[in-house]
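**Student:** A structural model of the following input is requested.
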Amino acid sequence: MLENILQTLPQVLIDGIALGTIYAVVALGYTLVYGILEFINFAHGEIFMVGAFVGTACLFAMNTTGWLGGMPRWSAYVLILVAAMLFTGILGVVIERIAYRPLRRAPKLISLISAIGVSFVLQDAVRFVAEL
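**Tutor:** Numbering: from 1, shown residues only. Here you go, the predicted structure:
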C-alpha cells in the first residue's frame, strides 16, 4: 500500500502543479482583461481551447508530413507553441475589433452578452471543425 502511494505521488504532484499553472494563467488573463477593458471576457477560456486545438493540429500535421521525426522534440514543441500563440493572438485581436471595440461605450450588460456570444461561437466553431 505504501509502495503504491510512493509510486503515484510524483505523478500526482506533477499533475497538480500543471493544473494549478493552467488555472493561474486563466485567472491572470481574466484579471488583465477585466483591469483594462472593465468587463469579463467569457470567451477567454475558449481562446485557450482554440490554442490547444491549433497546437494539436500542428502536431498532427508535422507528424503526417514527416517533420516530427526529422527534428529534435524540443524544437517541434517550440514551433507548435509559437504557431498556437500566433493564431490565438491574431484571433484575440480579431475578436476585440469585431465584437468588443464597437461596444466600448455601451452599457456593461451588452458587452457581457457579446462576450457570451463570442464564447458560444468559438465553442461551436471548434465543434464543427473537430467533426470534419
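
**Student:** secondary structure class for residue 70?
**Tutor:** Recorded secondary structure, residue 70: coil (DSSP: H, G, I helix; E, B strand; the rest coil).

**Student:** measure how buried it is and give me the count.
**Tutor:** Neighbour count of residue 70, defined by other C-beta atoms under 10 Å: 9. C-beta: built from backbone N, CA, C; applies to glycine.

**Student:** cool, and residue 60?
**Tutor:** 11.

**Student:** element containing it, please.
**Tutor:** helix 44-65 (DSSP states H and E).

**Student:** that helix packs against which elements?
**Tutor:** helix 2-37, helix 73-95, helix 108-131 (3 or more C-beta pairs under 8 Å, 6 or more residues apart in numbering; DSSP states H and E).

**Student:** and the spatially most central residue of the chain, what is it in contact with?
**Tutor:** Nearest to the mean C-alpha position of the chain, counting by C-alpha atoms, centre = their mean, stands residue 48 at 1.1 Å. Contact partners of residue 48, counting by C-beta atoms under 8 Å, 6 or more residues apart in numbering, are 25, 26, 29, 88.

**Student:** of these, just the buried ones, PyMOL syntax please.
**Tutor:** The PyMOL selection below is limited to those of these classed as buried (16 or more other C-beta atoms under 10 Å):
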select buried, resi 29+88
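
**Student:** now the contacts of residue 48 in JSON lines, with pLDDT and distance to residue 56?
**Tutor:** Below are the contacts of residue 48 laid out as JSON lines (pLDDT from 0 to 100; distance: C-beta to C-beta, whole Å):
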{"residue": "25", "pLDDT": "86", "distance to residue 56": "18"}
{"residue": "26", "pLDDT": "82", "distance to residue 56": "19"}
{"residue": "29", "pLDDT": "82", "distance to residue 56": "20"}
{"residue": "88", "pLDDT": "95", "distance to residue 56": "13"}
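
**Student:** appreciated, that's everything.
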